[in-house]
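**Student:** My questions are about this predicted structure, shown below with the sequence.
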Amino acid sequence: MAAVTSPAPDLATQVARLFFDRQMSKVEIAAHLGISRFRVARLIDGALADGLVRIEYRDVPAEDRALASAMEERFGLDLCAVADVPDVVQIGAEALGPVARLAGAVVDGLIGPADVIGIAWGSTMAAFVREIPTRAASAIEVVQLAGGSARLGRDRDAGQLARTLADRLGAVDHPIHAPAFVASASLRDALADDPDIRTAMARFAALTLAIIGIGAISSDDGAGPASSLVRSGALDDAELARLVAAGAIGDLVVHPFDANGSFVAPDLAARAVAIGVDELRRVPRVMAVAAGTAKSAAIRGALATGVIDILITDRATARAVLMAD
């Protein structure tokens, strides 16, 4: 009896590409490669069974393109994508899911095979990372934009999010094994001089895309959504009160800003093991993801900083931001 051999991997790959990428029929592929139609069918079935090809169905929400265009024009954005979510779900996490799915689809279309991507921390980033489509091994790099905080929980911590995103993209990650904030600027400088941390932070200059959330700092009576900056424990009550008194309404990564888009806490930034504002401004594309009308004031302030190039949000929130005019 003749030995049974497996099809050559290159032939299986070629058949899979012709069928799934070029949309050729099995008959066309058979004629093109000089093999039988039945062998083509077996190779396609094998490609699916062996994991050479994976089909993934994704629920990407509909978009409100008119509202997105209005946001782009009003705030000078390179791109805005607005999830067309019913207004009745614009509360907290109920709006976050569709926005995260839309953000995943947008990023999937933006990133190339050798991009250097930075990612921040928090619940919005955690939701986004779960929605990014997976890729095979690539030359993409993922850079952690700020140190971590045990108070945020494992799924929202910057280090864990960077590792998860790198795993999904088949990328190399550059972790920052340090807390996001330390007690003094001198300690921050000493940590930044550690060889491993210095190597990771040096990749800030190579970033081609930074993906961040927009934190909304709670008011002094505790109302409103608390940002990851507040939940991280980096601010004691006195420091938080001082920020609110200075007009801080939100933060980007770890940098608080006021309603006019001015960053208001340089002393806080000085003890942050994180990307700086000037470094963030130099990134070619900075994409912010934010959902829920409770964040509308913070989103408007964030847009006023001039840092953000791309915004992903929901319909009711975009309307609230525009109505603030």
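**Tutor:** Yep, that arrived. Note that this is a predicted model, so its numbers are computed, not measured.
**Student:** where in the protein is pLDDT low?
**Tutor:** Applying pLDDT under 70 to the chain picks out residues 1-9, 56-59, 87-94, 150-156, 218-226, 228, 232-234, 325.
**Student:** give me the beta-bridge partners of the spatially most central residue of it?
**Tutor:** By Cα atoms, centre = their mean, the chain has its centre lying nearest to residue 211, at 4.0 Å. Bridge pairing for residue 211 (DSSP bridges) gives the partners residue 119, residue 287.
**Student:** One more: the one 4 residues further on?
**Tutor:** Here residue 215 sits in beta bridges with residue 251, going by DSSP bridges.
**Student:** wait, it sits on residue 298?
**Tutor:** Yes - with contact defined as Cβ atoms under 8 Å, residue 215 reaches residue 298; the gap is 6.8 Å. C-beta coordinates here come from the backbone N, C-alpha and C atoms, glycine included.
**Student:** shared neighbours of those two, which are they?
**Tutor:** In terms of Cβ atoms under 8 Å, 6 or more residues apart in numbering, residue 215 and residue 298 are both contacted by the residues 227, 250.
**Student:** Give me the more crowded residue out of those two.
**Tutor:** residue 215 (33 against 26; other Cβ atoms under 10 Å).
**Student:** what about that one, distance to residue 270?
**Tutor:** 19 Å (Cβ to Cβ, to the nearest Å).
**Student:** and the longest helix for this structure?
**Tutor:** helix 93-110 (DSSP state H).
**Student:** buried ones in that helix?
**Tutor:** By neighbour count on 16 or more other Cβ atoms under 10 Å, the buried set for helix 93-110 is 95-108, 110.
**Student:** Could you pull out the buried residues of the host helix or strand of residue 11?
**Tutor:** Residue 11 belongs to helix 9-16 when assigned by DSSP states H and E. Within helix 9-16, the residues scored as buried using 16+ other Cβ under 10 Å are 12, 15, 16.
**Student:** excluding its backbone neighbours, what's nearest the first one?
**Tutor:** With sequence-adjacent residues excluded and distances taken as Cβ to Cβ, 6 or more residues apart in numbering, residue 12 is closest to residue 43, at 5.1 Å.
**Student:** No further questions, thank you.
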